[in-house]
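# here you go, sequence then predicted model.
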Amino acid sequence: MISYSTCGLIVLKHDENLHNRASHNSEKRRSRDNCTETAQRKLIACTNITNSVSSLFRWRRKIERAEEYLLLMKSRLDLFEKLCARVKTLRTYELPEIIALPIVQGFGACVE
């Protein structure tokens, strides 16, 4: 059995000055295109792209808020470093959130 991890990646932040639907759709499309290319490179098996999420976080001693897309990329643990390197080339963040979470149990073929 291959050990899979779900890598939660937040890579796109909405431009706070652009609050129209077209700009949000453009960012989501860019996110989808980046995920498609990452899948074509065989670094991920699947990606879930959320609708906009509101995030609150501490950054440089201040509480910040941002509208973001959350990308859940499913990949093997042995591909994590390559996937991180790929995400870093796509990022719009100074410090992208890239994490690996262990799968403790799953449905049959989904985790094999």
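It's in.
# going forward, measure contacts and count neighbours with C-alpha atoms only.
OK.
# tell me where this protein has helices.
Applying DSSP state H to the chain gives helices spanning 21-40, 80-90.
# which stretch among these comes nearest Ala100?
Evaluated over the helices of the chain, closeness to Ala100 peaks at helix 80-90, with 7.8 Å, by Cα to Cα.
# what's the angle from the closest one to helix 21-40?
Relative orientation of helix 80-90 versus helix 21-40 (axes from the mean of the first three to the mean of the last three Cα atoms, to 10 degrees): 150 degrees.
# re the thing from before, would CSV of the helices of the chain with mean pLDDT be doable?
Putting those into CSV (pLDDT from 0 to 100) gives the following:
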stretch, mean pLDDT
helix 21-40, 80
helix 80-90, 88
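# in CSV: the ones you listed, plus distance to Tyr69 and mean neighbour count.
Formatted as CSV, the helices of the chain follow (distance: least, Cα to Cα, whole Å; neighbours: other Cα atoms under 10 Å):
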stretch, distance to Tyr69, mean neighbour count
helix 21-40, 7, 15
helix 80-90, 14, 15
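# turn those helices into CSV, columns for distance to Ile103.
Conversion of those to CSV gives the following (distance: least, Cα to Cα, whole Å):
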stretch, distance to Ile103
helix 21-40, 20
helix 80-90, 14
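# out of those, nearest to Arg61?
helix 80-90 (23.6 Å).
# remind me what the closest one packs against, helices and strands.
Here helix 80-90 touches no other helix or strand, going by 3 or more Cα pairs under 8 Å, 6 or more residues apart in numbering; DSSP states H and E.
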